[in-house]
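# Predicted model follows, preceded by the sequence.
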Amino acid sequence: METEEVRREQSWYIRDLMAYMLGIPGEDLERLVESYQEDGGAPDPGGLFRYLSARGKKYQILWAAVPFSDAISVLFAAVMGPNKALLWQGSSVVPFGLDSGSLRIWNRVLEMVSGVAIPTNPQVSETDLWSAEQIHRGLRKLWDRWVPRFLGEMDLWLAGQKETDSLVLEDPELTVRLSLDASREMREVTGKGYPLGAVRMALVSLPDLRDMGLEVNSLQAALDSFVAQSLPATEEGGKKSAEPSAGPGISGRIVDVRPQVDPLEGVALSELRPGDLLMLDGLGGQGVEGKIYMIRLLKGGQYEVHGHFAGEEEVFFRFVSPGEIRLRLPEEAPRPPRKVPVPLLGVLGLAGLACVILLVWALRSL
């Protein structure tokens with residue numbers, strides 16, 4: 001009898017563990033198990049897990065390749081949750097042409113853009129890779145703009161397609177259409193209009209994303225954070241907690257987040273200092289205040305920012321900016337003094353020198 005009570009008390013552990021692995025709330029998980037039984041599913045753990053994975057929420061992986069040459073591509077990738085929220089992104093220069101099979105395998109793409117897998121090609125010179133990296137730095141700022149646009153166009157295209165078992169979703173005509181605007185934007189940034197070589201998408205389950213992307217630690221941390229936010233909090237005994245988690249992460253963990261960008265009224269990242277407050281994307285797109293304790297400039301011109309969520313000093317955040325961006329601050333937060341750009345100071349100095357020369361010339365003419 002005592003054993004039965006212990007089993008009942010601890011059964012919620014198993015349910016919540018499965019809910020965490022699949023990213024599905026416990027109530028939905030129970031309904032799917034009932035559906036599995038009604039469909040005549042055998043009492044096989046492997047079969048049940050595959051059934052739950054296939055019918056669980058899907059995560060979208062979007063990636064695009066820009067050909068720099070026949071043997072070098074600039075690769076971008078992003079991972080979206082079931083609610084279309086951007087969870088993770090990365091980009092890299094890879095020594096592969098567009099015809100490479102590596103650019104068609106989504107987990108391989110994630111490893112390359114994260115820097116986990118650094119491919120080499122003896123036929124590609126270091127000089128060409130360096131030149132491609134300069135173009136890559138200029139294009140990174142465009143990827144944030146492309147992700148929602150490409151995602152919307154891909155979703156519209158998918159809505160008109162029949163169900164398919166293909167692991168990679170791609171439409172050459174859609175790629176050409178997206179390339180028209182993208183090429184113009186690339187010309188404005190780099191001075192040369194590169195084409196979009198490929199825009200691809202994969203729909204994967206959370207277990208597959210965790211398993212196939214296991215080596216990408218930053219992605220795993222982002223998935224942990226997203227699932228922890230999405231699932232209702234529970235207390236011991238399986239009862240729902242009355243109070244939601246105050247922060248968008250897990251106590252004692254470093255959570256990968258995205259800062260809120262404000263191109264017009266925001267403050268340049270380079271002007272912020274440890275102790276300054278800024279706004280971060282929280283659950284459902286709501287703003288959450290964070291406090292910076294470290295800003296580090298990386299070799300590639302990126303900024304790595306660490307801090308903790310306001311009011312929760314044991315919940316830490318981290319994000320990497322592709323370069324200089326303007327960030328939204330809390331309304332009550334003090335703004336750092338505006339700096340006069342160095343080029344403007346140079347122009348003012350030349351103008352002053354010209355005025356002095358004209359004044360001397362005028363005095364000599366008298």
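Received the coordinates, thanks.
# Distance check, the residue most central in space within the chain against residue 179.
Nearest residue to the geometric centre of the chain (C-alpha atoms, centre = their mean): residue 88, 2.5 Å. According to C-beta to C-beta, to the nearest Å, residue 88 and residue 179 sit 25 Å apart. All C-beta spots, glycine's among them, are computed from the backbone N, C-alpha and C.
# Let me know the next secondary structure element after the longest helix along the chain.
Criterion DSSP state H: the longest helix present in the chain is helix 126-159. Sequence order places helix 172-190 as the next helix or strand after helix 126-159, per DSSP states H and E.
# centre of the chain versus that following helix, how much separation?
Distance of helix 172-190 from the chain centroid (C-alpha atoms, centre = their mean, to the nearest Å) equals 21 Å.
# what does that helix contact?
66, 135, 138-139, 141-142, 145-146, 149-150, 153-154, 157, 192-199 (C-beta atoms under 8 Å, 6 or more residues apart in numbering).
# Of those residues, keep whichever come out buried.
Neighbour-count burial (16 or more other C-beta atoms under 10 Å) applied to the contacts of helix 172-190 gives 66, 135, 138-139, 142, 146, 150, 153-154, 157, 194, 196-199.
# tell me the least confident of those residues?
Minimum pLDDT for the buried ones among the contacts of helix 172-190 is recorded at residue 138 (84).
# ok, now which ones touch the residue nearest to the centre of the chain?
By C-beta under 8 Å, 6+ apart, the neighbours of residue 88 are 78-79, 218-219, 222-223, 256.
# now do 7 Å
79, 218-219, 222, 256 (C-beta atoms under 7 Å, 6 or more residues apart in numbering).
# Please identify the buried residues of the helix or strand hosting residue 293?
Per DSSP H and E, residue 293 falls inside strand 287-297. Applying a neighbour-count criterion of 16+ other C-beta under 10 Å, one finds 288-292, 295 buried in strand 287-297.
# Which pair in those residues has the greatest spatial separation?
Using C-beta to C-beta, the two most remote members of the buried residues of strand 287-297 are 288 and 295, lying 18.6 Å apart.
# what are the ranges of the helices in the stretch 251-366 of the chain?
Ranges of helices within the stretch 251-366 of the chain are 342-365, based on DSSP state H, counting those that start in this stretch.
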